[in-house]
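Peer 1: any chance you can model this:
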Amino acid sequence: TDDTASIQNAALTGLKLLFKNGTFLVDSGFVKITQGVEFDNSAIVFTGVGDGSVNDGWVYFDNPTKSILPEWFGAVGDGVTNDATAIQMALDCLIDTRIDALGVTANPNHGIYNSGTIEFSGGKDYYRGDTTIEIRSEHHFIGVRLINSSPSKYTSNIKGNDATTVCFKVTTPDNISGDGASTNKEFINLGIINASRGIEFGRSDQSNKVIGCRFQVMSEACVYGTSDGVDNLQIKDNTINDSGGGYVAKLKNASLCIIDGNLSGESAQNTKGVYVVGGTSRSGNIISNNTFRGGEIYVTTNSAFTDHGNIVSNNAIIQGVATTGDAVINIDSTSRTTVVEGNVVDTTETIKCIRFFDGLVSGNRTSGGTHGIFSAGLGNIQGNKIVSATSFGIEVNRGTSQCECVISNNNIEDCATGVRIQADSTGGTMVT
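Peer 2: Next up, the predicted model:
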């Protein structure tokens with residue numbers, strides 16, 4: 001029996017609705033519940049919703065008081081059944097398709113996400129095949145959270161067929177900009193397996209978070225930000241096992257982002273670390289307290305700007321390699337006024353441990369490589385410990401320009417040469 005009319009009539013009462021055990025067929029229209037809704041337990045199934053039939057139904061929940069489960073829309077979580085459509089339907093029931101700047105009244109691709117939590121059951125593997133699950137809107141996102149129901153981290157897994165497709169994609173269409181960009185999405189304690197990009201953010205700002213997740217076999221990046229611009233994204237306390245050769249985070253046009261406390265496990269030796277391109281009008285990104293086995297931290301930005309203020313601090317990179325340039329921590333010459341502080345870098349490769357252009361480099365410990373620290377001739381190099389560099393402990397190379405650099409209180413041991421300065425003039429340089 002089609003329950004669309006019955007649910008619509010109940011919604012018109014203005015009273016909060018309680019869905020109890022059962023199967024509800026919504027197959028002949030749009031059901032909008034605005035006065036609030038509660039769900040008795042997981043023994044609820046909505047059918048006919050978004051199934052592509054001629055009389056395709058749609059249901060919208062306004063600020064539900066309890067989490068929404070993919071199982072309500074047919075998800076099984078056995079690692080074999082394809083649950084991608086059910087997960088998408090669970091997300092899309094938070095879209096009010098009646099509110100649309102484009103005038104579209106029944107299309108889940110256009111609408112406003114309201115507050116809600118999608119909860120994945122602990123101990124289940126949700127298989128998505130090759131399908132990308134989208135969180136999409138043409139207006140603000142408001143408080144959409146995807147979480148693991150178990151107190152233990154990442155016992156809920158969303159698993160792809162292989163590492164060639166994106167798992168979760170947060171999108172904002174081109175006709176919306178500025179404050180219309182996506183906000184307030186949270187991915188908490190999930191396991192994401194087999195993807196090119198685990199979570200991809202398009203144009204976004206304000207309080208997006210990826211926290212406490214575990215990524216396995218990511219061929220390009222665990223978290224990816226497109227060149228449309230990513231602001232205020234937090235990537236914290238995630239674990240990377242068997243990285244698949246991808247970056248922990250690869251962000252393009254990023255501003256005020258925090259990448260903190262992430263760990264690549266023993267089986268993730270080939271992780272590429274972090275790649276950040278600063279924003280076109282500002283940067284201010286913080287990369288701190290991460291531990292990577294292999295890989296690099298590469299920071300660059302738009303060359304049209306000269307003051308960026310990125311911070312790279314207290315990271316540990318073991319057996320570092322350079323994928324993008326010639327250094328494990330590589331602050332590109334376009335990125336100015338950067339702080340590189342308290343990092344531990346170890347490499348057996350023929351590369352530099354730390355390379356920067358302008359800023360403060362202090363309290364770091366490096367071992368191996370051709371150079372402990374390489375500077376293009378500006379900034380301060382203070383209080384670092386440098387061991388076993390095969391060419392120079394510290395090299396400052398300003399070419400034919402004047403060198404303006406303070407080198408002080410560094411401990412250099414077992415290096416072929418301690419300090420070398422190469423410039424047209426060293427009048428602005430002090431070595432102590």
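Peer 1: shaky segments in the stretch 301-432 of the chain?
Peer 2: Counting by pLDDT under 70, the ranges of the stretch 301-432 of the chain that qualify are 302-308, 333-337, 399-402, 423-432.
Peer 1: make it 80
Peer 2: Along the stretch 301-432 of the chain, segments meeting pLDDT under 80 span 301-309, 333-337, 377-378, 398-404, 423-432.
Peer 1: now swap in the stretch 151-300 of the chain and tell me
Peer 2: Looking at the stretch 151-300 of the chain by pLDDT under 80, you get 151-154, 171-184, 203-207, 228-229, 242-244, 265-271, 278-283.
Peer 1: quick one: the helices in it?
Peer 2: Ranges of helices within the stretch 151-300 of the chain: none, based on DSSP state H, counting those that start in this stretch.
Peer 1: same deal with the stretch 1-150 of the chain?
Peer 2: 4-12, 84-92.
Peer 1: redo those as a markdown table? Include mean pLDDT.
Peer 2: Shown next, in a markdown table, are the helices of the stretch 1-150 of the chain (pLDDT from 0 to 100):
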| stretch | mean pLDDT |
| --- | --- |
| helix 4-12 | 79 |
| helix 84-92 | 86 |
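Peer 1: hey, which of those is tucked in deepest?
Peer 2: Stretch with highest mean neighbour count among those: helix 84-92 (a mean of 22; mean count of other C-beta atoms under 10 Å). Bear in mind the C-beta positions are built from the backbone N, C-alpha and C, glycine included.
Peer 1: surely Gly129 meets Ala84?
Peer 2: Yes - counting by C-beta atoms under 8 Å, Ala84 is a contact partner of Gly129 at 6.0 Å.
Peer 1: beta partners of Thr291?
Peer 2: Assessed by DSSP bridges, Thr291 has beta-bridge partners Leu263, Ala316.
Peer 1: any idea how far Thr324 is from it?
Peer 2: Thr291 is 20 Å from Thr324, where distance means C-beta to C-beta, to the nearest Å.
Peer 1: with Phe357 instead?
Peer 2: The value you get for Phe357 to Thr324, if C-beta to C-beta is used, is 15 Å.
Peer 1: hang on, the earlier thing: nearest to Cys167, of the helices of the stretch 1-150 of the chain?
Peer 2: helix 84-92 (9.8 Å; C-beta to C-beta).
Peer 1: enumerate every residue touching Tyr154.
Peer 2: Contacts for Tyr154 (C-beta atoms under 8 Å, 6 or more residues apart in numbering) come out as Asn148, Asn189, Leu190, Gly191, Gly212, Cys213, Arg214, Thr239.
Peer 1: can you redo these as CSV with distance to Thr301 and neighbour count?
Peer 2: Converted to CSV, the contacts of Tyr154 look like this (distance: C-beta to C-beta, whole Å; neighbours: other C-beta atoms under 10 Å):
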residue, distance to Thr301, neighbour count
Asn148, 35, 25
Asn189, 32, 23
Leu190, 31, 27
Gly191, 33, 22
Gly212, 29, 18
Cys213, 27, 27
Arg214, 30, 22
Thr239, 28, 19
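Peer 1: closest to Leu17 out of these?
Peer 2: Leu17 lies nearest to Asn148 out of the contacts of Tyr154, by C-beta to C-beta, at 27.0 Å.
Peer 1: per-residue confidence for the closest one?
Peer 2: Note on Asn148: pLDDT of 86.
Peer 1: state the distance from it to Tyr154.
Peer 2: In terms of C-beta to C-beta, Asn148 sits 6 Å off from Tyr154.
Peer 1: which residues do the two both contact?
Peer 2: With C-beta under 8 Å, 6+ apart, Asn148 and Tyr154 have common neighbours Asn189, Leu190, Gly191.
Peer 1: dump those residues to JSON lines, plus distance to Asp162.
Peer 2: Output for the shared contacts of Asn148 and Tyr154, formatted as JSON lines (distance: C-beta to C-beta, whole Å):
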{"residue": "Asn189", "distance to Asp162": "24"}
{"residue": "Leu190", "distance to Asp162": "19"}
{"residue": "Gly191", "distance to Asp162": "16"}
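Peer 1: show me these that map onto strands.
Peer 2: Of the shared contacts of Asn148 and Tyr154, the ones assigned to strands by DSSP state E are Gly191.
Peer 1: check the gap between the nearest residue to Thr338 once chain neighbours are set aside and Thr370 for me.
Peer 2: Setting aside the residues directly before and after it, Thr338 is nearest to Gly359 in space (C-beta to C-beta, 6 or more residues apart in numbering), at 3.9 Å. According to C-beta to C-beta, Gly359 and Thr370 sit 21 Å apart.
Peer 1: these two: which has the busier surroundings?
Peer 2: More crowded of Gly359 and Thr370, by other C-beta atoms under 10 Å: Gly359, with 24 against 20.
Peer 1: wait, the more buried one touches Asp332, no?
Peer 2: No - at 11.9 Å, Gly359 does not count as touching Asp332 under the criterion of C-beta under 8 Å.
Peer 1: touching, Asn208 and Ile199? I think so.
Peer 2: No - Asn208 is beyond contact range of Ile199, at 9.4 Å (criterion: C-beta under 8 Å).
Peer 1: export stretch 218-236 as CSV, just CAs?
Peer 2: Extracted in CSV, the C-alpha atoms of stretch 218-236 (Å, rounded to 0.1, in the frame of the first residue of the first chain):
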residue,chain,number,x,y,z
MET,A,218,43.7,5.6,-1.5
SER,A,219,45.4,6.0,-4.8
GLU,A,220,45.4,9.8,-4.9
ALA,A,221,44.4,11.3,-1.5
CYS,A,222,42.6,10.4,1.7
VAL,A,223,41.2,14.0,1.7
TYR,A,224,41.2,16.1,-1.4
GLY,A,225,40.3,19.7,-1.9
THR,A,226,39.7,21.0,-5.4
SER,A,227,41.0,24.2,-6.9
ASP,A,228,37.5,25.8,-6.4
GLY,A,229,38.7,26.7,-2.9
VAL,A,230,38.7,25.0,0.5
ASP,A,231,38.6,27.1,3.7
ASN,A,232,38.5,26.2,7.4
LEU,A,233,38.7,22.4,6.8
GLN,A,234,40.0,20.4,9.8
ILE,A,235,41.7,17.0,9.0
LYS,A,236,42.6,15.7,12.5
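Peer 1: quick check: buried residues in that stretch?
Peer 2: Going by neighbour count (16 or more other C-beta atoms under 10 Å), the buried part of stretch 218-236 is 218-226, 228-236.
Peer 1: using TSV, lay out the contacts of Tyr154 together with distance to Tyr247.
Peer 2: Below are the contacts of Tyr154 laid out as TSV (distance: C-beta to C-beta, whole Å):
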residue	distance to Tyr247
Asn148	23
Asn189	21
Leu190	18
Gly191	18
Gly212	19
Cys213	15
Arg214	16
Thr239	15
